[in-house]
Each structure stands twice: as structure tokens, then as C-alpha cells.
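Enquirer: this is the structure alone, sequence omitted:
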């Protein structure tokens, strides 16, 4: 164990009597805070000195907390950027014709589409514009469809502007407004204040083909055949 001269010990005690913190004593004398604590633990502090040290602890705590938050934010940003870089290549799948793209389209339909035999046409619905756009991109790139046969219906809250919603979804889907069915405003929501001001209703894309519907469904269900 390292030995210190009596001068160092006396200096530490004097500093404590002046109301210095353990960190300050450690920095001035070159000893550890643990050693300083053992040397000065019996030194009584005045109420004013105690208040000063308490305020200093709060300031240091806030400063340390801000620094910790800054480090945490930097780590989070770096983590997000690394994941974006690693996964952005998968976005290319949507814009290409491939067996995997067909599988992805089938899986999406299995999750959000109307199933055969309860329904006899392809109906894919969602409130998520990104999901609708992705499904249509996969569908158009990988299946022989007639654009003129695609239909769309928007179901929304009773107090929303149906025409405005149609224009919004027409931009998302690239389906002409003339191919939109009449909107469905839910009467159950009449007079109720929405908690989601950005809600754009449910977009249901329809294509009157049981062949396409069942093919998409079977492609998605093919994953059920994966062996353990």
C-alpha cells in the first residue's frame, strides 16, 4: 500500500475543512477519492458547506446525465445507420421480377388479402400506404394483370372528405380515379372525434380474378409446407 507524507494528509484535511469535495481533494493532492474519504470522514462540515457540496453534486449529476444521453444518442444513430446500410439492398427486390418477389407478394396477400373460397376475387386492404404501394409494385412486376381491371375502394371515418382521400390514394396506388368505387363512410364514427388526425382510411385494392387471388393465396401458403 502506498504511503503518503503527513503534509499530504494534513493538506487533505485542511481542504475538507474549507468545504472541498472528495473529487476536488483528489484532484489537488493526487490521491484517490477512496483514500481521501478515509482521511477526512471525521471532518465536520458547516451547513453552508454541506449545501454547497449538495448543489455541486446536483450540477455534476445533470452534466453527467447530459453526457450520458449524448453518448446514448450517438450510439443509437450509429446503430440505426448500420442497420439501414445492411438492409437497404432488400429494397431492390420490390422493383425486380423474381421467384422471391412472387413469394413476398404471396405472403403479403396471405396476411392482408381476402381468402378463397370465402371470396372469389383478389382484395388486398390496408391503412398503410407503404404496404399498399409495395404490394402493387410486386403484383405489377410479377403477375400478368390488366391495369384497366384494377379497382379501388376507400373505407373511412364518416366525417372525412372522401374525394380528398380518393385523390390521396390515387397518387399512392397509381390507379386512375375513374377506377375507384364509391367510398364507404362508417356511420358508426359519426360525431366521434378521431384520435388519429393523419388517418387516411382503409384502401382496398380489388381485381376481379379468382385465378390471381387463389394463386397468390397458394404461394403464401406454400410456406406452410416448410419442413422442420
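Expert: All right, it came through fine. These figures come from a predicted structure and were not determined experimentally. Residues are numbered from 1 along each chain as shown.
Enquirer: residue 174 touches residue 136, doesn't it?
Expert: Yes. Between residue 174 and residue 136 there is a contact under CB atoms under 8 Å: 7.4 Å. Glycine gets a C-beta too; all of them are placed from N, C-alpha and C.
Enquirer: now do the one helix or strand residue 75 maps to: distance to the chain's middle.
Expert: Assessed by DSSP states H and E, residue 75 sits inside helix 47-87. Between the centre of helix 47-87 and the centre of its host chain there is 22 Å, according to CA atoms, centre = their mean, to the nearest Å.
Enquirer: and for stretch 171-188?
Expert: For stretch 171-188, the distance to the chain centre is 29 Å (CA atoms, centre = their mean).
Enquirer: how long is it from one end to the other?
Expert: Using CA to CA, to the nearest Å, the end-to-end distance of stretch 171-188 comes out at 28 Å.
Enquirer: so what does the helix or strand following the helix holding residue 75 touch, helix or strand wise?
Expert: Once helix 47-87 ends, the next helix or strand along the chain (criterion: DSSP H and E) is helix 99-112. Packed against helix 99-112 by the contact rule (3 or more CB pairs under 8 Å, 6 or more residues apart in numbering; DSSP states H and E) you find strand 122-126, helix 129-142, helix 210-221.
Enquirer: which residues does the last one contact?
Expert: Pointing back at helix 210-221 there. For helix 210-221, the surrounding residues in contact (CB atoms under 8 Å, 6 or more residues apart in numbering) are 102-103, 105-111, 113-116, 119-123, 143, 145, 207.
Enquirer: what do you get for the first one?
Expert: Identification of contacts with strand 122-126 by CB under 8 Å, 6+ apart yields 108-109, 112-114, 132, 135, 202-209, 212-213, 216.
Enquirer: buried members of those into PyMOL, please.
Expert: Buried members of these, defined by 16 or more other CB atoms under 10 Å, are picked up in PyMOL with:
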select buried, resi 108+109+112+113+114+132+135+202+203+204+205+206+207+209+212+213+216
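Enquirer: using the three-state scheme, assign the closest residue to residue 15 other than its chain neighbours.
Expert: Residue nearest to residue 15 in three dimensions, not counting chain neighbours: residue 25, with 4.9 Å by CB to CB, 6 or more residues apart in numbering. Following DSSP: H, G, I helix; E, B strand; the rest coil, residue 25 is assigned to helix.
Enquirer: go on, residue 145?
Expert: What three-state DSSP gives for residue 145 is coil.
Enquirer: got it, and residue 204?
Expert: Per three-state DSSP, the secondary structure class of residue 204 is strand.
Enquirer: what sits against it?
Expert: In this structure, residue 204 makes contact with 123-125, 152-155, judged by CB under 8 Å, 6+ apart.
Enquirer: just send those back as JSON lines, with distance to residue 17, pLDDT and neighbour count too.
Expert: Below are the contacts of residue 204 laid out as JSON lines (distance: CB to CB, whole Å; pLDDT from 0 to 100; neighbours: other CB atoms under 10 Å):
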{"residue": "123", "distance to residue 17": "83", "pLDDT": "98", "neighbour count": "19"}
{"residue": "124", "distance to residue 17": "78", "pLDDT": "98", "neighbour count": "23"}
{"residue": "125", "distance to residue 17": "77", "pLDDT": "98", "neighbour count": "19"}
{"residue": "152", "distance to residue 17": "82", "pLDDT": "98", "neighbour count": "22"}
{"residue": "153", "distance to residue 17": "82", "pLDDT": "98", "neighbour count": "19"}
{"residue": "154", "distance to residue 17": "78", "pLDDT": "98", "neighbour count": "24"}
{"residue": "155", "distance to residue 17": "77", "pLDDT": "96", "neighbour count": "16"}
